[in-house]
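Asker: Sharing a model that was predicted from the sequence below.
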Amino acid sequence: MYSKNIWKDATQEKINAMMQFCEEYKTYITMGKTERLCVAQTLELVKQKGYQDLNAIQSVQPGDKVYLVNKNKNIVLFHIGTKPLTEGIRVLGAHIDSPRLDIKQNPLYEKNDFALLDTHYYGGVKKYQWVTIPLSICGVVVKKDGTTIDVMIGEDEADPVVGISDLLIHLAGEQLQKTAAKVIEGEDLDVTMGSIPLADCEKDAVKANILKLLKEKYDFEEEDFLSAELEVVPSGKARDYGVDRSMIAGYGHDDRVCAYTSLRAIVDMEEIPTYTSCCILVDKEEIGSVGATGAQSLFFENAILMLLHAQKGDSLLALRKTLEHTKMLSSDVSAGFDPLFAGVNDPKNAAYLGRGIVFNKYTGSRGKSGSNDANPEYVAWIREIMDENRIHFQTAELGKVDQGGGGTIAYILGNYNMNVVDAGVPVLNMHAPMEIVSKADVYEAYLAYLAFLKK
Ligand code: MN
Ligand code: MN
């Protein structure tokens, strides 16, 4: 089952199931351009599947399905198992934030008859990739009276899009002498909003016109940008990629591909699990998992405490035991091997598209720094599950030893002394506006997560 191309021996039945699953996934990422939109879609799905708000429940029994939403950007789901919580739970944890450009608090200005919107990029981006492509603005504006206004510009086919300009090649001689990190500077990632001046307006008439249009459509004022969360993201739908339709091109595979497959694994589990199943979708991974909605938040721990309380056993010891006995897959994407950039990988410890879910025993960079290095006992336990269920898996490092690397949420949950290993889908063009995954890996990750929850 090891390092073998899934397409080679997949039955037609499996390929059909794969394709169908990926159609549903494409809809999820097309509709889920922000973490809030991912939470909203997730909530809709789990409610259909009989999940109830844990806040509204006094006690929980095996077979119960509950959820908790944290500040609209972070959600946790539990399917209560037959074993006591203190024997540990099975957690799938993924992040639903993706790299993008956030709008600043004082963003709008006018220059040379253009209205522009100032941004601050979020997460690790190659800035030059974000110019001259169609972009959308998605998010919320919250007014002082507490009203939340949903903003979505550029996703509907009939909508205009926005974008960021780049210098024409004819005048780019000096620009092209710069290093790629400096060709486009962070402060220059400003979004073009419009160019028509408002009639009878002397100063900043183009900006005034944009504000008028925003007021008409969304009913907010310029100063409401102060309490907004607007994200500039690549516009358009996720699409099939490759003439053979074997892959998906889309924005935000990192890490919505593992979020969706983890989510589907827990909601598709029909029988009552032995160990309580859990899926947690977190925010802020791309900037260090910090803050109330990131993996470092006490939200997860509080949720476990609430479950223990609902079973009349919420002692500190019970909480610590539950966490310590828990097993987790940190569902996050890994770097897919790219033949055009083969030199950055050790080919025998790299993840290949089409060869299944990839386990990163450790990530980290330059000497495993900052890594959650999973215990071999745990990795062996996982291998057994994969083989029992005939799941295609591969193992990889994030590039060559001295090449760089990266991090996930694995080490944060590892701090509870639970066993955690990174497990996800290999991605090409990670963090680019258009990322690529193989449909075979998406489906295999889903099957792997399901097998893990059932063990
Ligand atoms: Mn990630
Ligand atoms: Mn990432």
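Answerer: Looks like it came in fine. Residues are numbered from 1 along each chain as shown. Ligands and ions are numbered 1, 2, ... in the order given.

Asker: Give me the distance between stretch 322-330 and the centre of its chain.
Answerer: 21 Å (CA atoms, centre = their mean, to the nearest Å).

Asker: List phi and psi for residue 304.
Answerer: Here is the backbone geometry of residue 304 (degrees, to the nearest 10): phi -60, psi -40.

Asker: contacting residues for it?
Answerer: Residue 304 makes contact with 85, 89, 319, 322, 323, according to CB atoms under 8 Å, 6 or more residues apart in numbering. Any C-beta I mention is one placed from the backbone N, CA and C, and that applies to glycine too.

Asker: My read is that the fourth one contacts residue 90, right?
Answerer: So the one you mean is residue 322. No: in this structure, residue 322 is not within contact of residue 90 by CB atoms under 8 Å, at 11.9 Å.

Asker: just to revisit the earlier point, which pair in the contacts of residue 304 spans the largest distance?
Answerer: Across the contacts of residue 304, no pair lies farther apart than 89 and 319, at 11.9 Å, counting by CB to CB.

Asker: of the two, who's got more company?
Answerer: Per other CB atoms under 10 Å, whichever of residue 89 and residue 319 has more neighbours is residue 89, with 26 against 21.

Asker: Give me the local confidence score for that one.
Answerer: On the pLDDT scale, residue 89 is placed at 98.

Asker: re earlier: got the contacts of residue 304 as CSV, with distance to ligand 1 and secondary structure columns?
Answerer: Formatted as CSV, the contacts of residue 304 follow (distance: CB to the ion, whole Å; DSSP: H, G, I helix; E, B strand; the rest coil):
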residue, distance to ligand 1, secondary structure
85, 28, helix
89, 22, coil
319, 28, helix
322, 26, helix
323, 23, helix
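
Asker: In JSON lines: these, plus distance to residue 79.
Answerer: JSON lines is the format used below for those (distance: CB to CB, whole Å):
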{"residue": "85", "distance to residue 79": "12"}
{"residue": "89", "distance to residue 79": "10"}
{"residue": "319", "distance to residue 79": "20"}
{"residue": "322", "distance to residue 79": "15"}
{"residue": "323", "distance to residue 79": "18"}
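
Asker: give me the residue from the stretch 151-300 of the chain nearest ligand 1.
Answerer: In the stretch 151-300 of the chain, the residue that lies nearest ligand 1 is residue 255 (3.9 Å; CB to the ion).

Asker: That residue: what's it in contact with?
Answerer: Taking CB under 8 Å, 6+ apart as the test, what residue 255 contacts is 94, 95, 96, 98, 285, 331, 332, 333, 424.

Asker: For these, pick the one with the most neighbours.
Answerer: residue 331 (34 neighbours).

Asker: who does the residue in the stretch 51-200 of the chain that ligand 1 sits nearest to bridge with?
Answerer: Residue nearest to ligand 1 within the stretch 51-200 of the chain (CB to the ion): residue 95, separated by 5.7 Å. Listed beta-bridge partners, residue 95: residue 282 (assigned using DSSP bridges).

Asker: Against residue 131, how distant is it?
Answerer: 26 Å (CB to CB, to the nearest Å).

Asker: Now do the SS call for the residue of the stretch 151-300 of the chain closest to ligand 1.
Answerer: helix (DSSP: H, G, I helix; E, B strand; the rest coil).

Asker: which residues does the closest residue in space to it that isn't next to it in sequence contact?
Answerer: Excluding its sequence neighbours, the residue lying closest to residue 255 (CB to CB, 6 or more residues apart in numbering) is residue 95, at 4.6 Å. When contacts are counted by CB under 8 Å, 6+ apart, residue 95 touches 255, 259, 281, 282, 283, 284, 285, 286, 289, 295, 332, 409.

Asker: any idea how far residue 95 is from residue 424?
Answerer: According to CB to CB, residue 95 stands 11 Å off from residue 424.

Asker: Tell me the residues that contact both of those two, please.
Answerer: Common neighbours of residue 95 and residue 424 (criterion: CB under 8 Å, 6+ apart): 255, 332.

Asker: Name the single longest strand found in the protein.
Answerer: strand 100-111 (DSSP state E).

Asker: I'd like to know which elements that one is packed against.
Answerer: strand 114-122, strand 135-142, strand 191-194, helix 205-218, strand 228-234 (3 or more CB pairs under 8 Å, 6 or more residues apart in numbering; DSSP states H and E).

Asker: The fourth one versus strand 100-111: what angle between them?
Answerer: It stands for helix 205-218. 130 degrees (axes from the mean of the first three to the mean of the last three CA atoms, to 10 degrees).

Asker: Tell me the buried residues in helix 205-218?
Answerer: 205, 206, 207, 208, 209, 210, 211, 214 (16 or more other CB atoms under 10 Å).

Asker: As JSON lines, the residues you listed with distance to ligand 1 would be great.
Answerer: Output for the buried residues of helix 205-218, formatted as JSON lines (distance: CB to the ion, whole Å):
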{"residue": "205", "distance to ligand 1": "43"}
{"residue": "206", "distance to ligand 1": "38"}
{"residue": "207", "distance to ligand 1": "37"}
{"residue": "208", "distance to ligand 1": "41"}
{"residue": "209", "distance to ligand 1": "39"}
{"residue": "210", "distance to ligand 1": "34"}
{"residue": "211", "distance to ligand 1": "36"}
{"residue": "214", "distance to ligand 1": "33"}
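
Asker: Show me the two of those that sit farthest apart.
Answerer: Going by CB to CB, the pair spanning those furthest: 205 and 214, at 15.1 Å.

Asker: Let me see the contact set for residue 205.
Answerer: 110, 197, 198, 199.

Asker: Equivalent analysis for residue 148, please.
Answerer: Contacts for residue 148 were tallied using CB under 8 Å, 6+ apart; they are 140, 141, 142.

Asker: Just among those residues, which is most surrounded?
Answerer: Going by other CB under 10 Å, residue 141 tops the contacts of residue 148 with 22 neighbours.

Asker: Surely that residue touches residue 220?
Answerer: Yes: between residue 141 and residue 220 there is a contact under CB under 8 Å: 4.8 Å.

Asker: overlap in contacts of those two?
Answerer: Contacts common to residue 141 and residue 220, judged by CB under 8 Å, 6+ apart, are 149, 228.

Asker: Could I get the average pLDDT for the helix or strand hosting residue 450?
Answerer: For residue 450, the element it lies in under DSSP states H and E is helix 439-454. Helix 439-454 carries an average pLDDT of 98.
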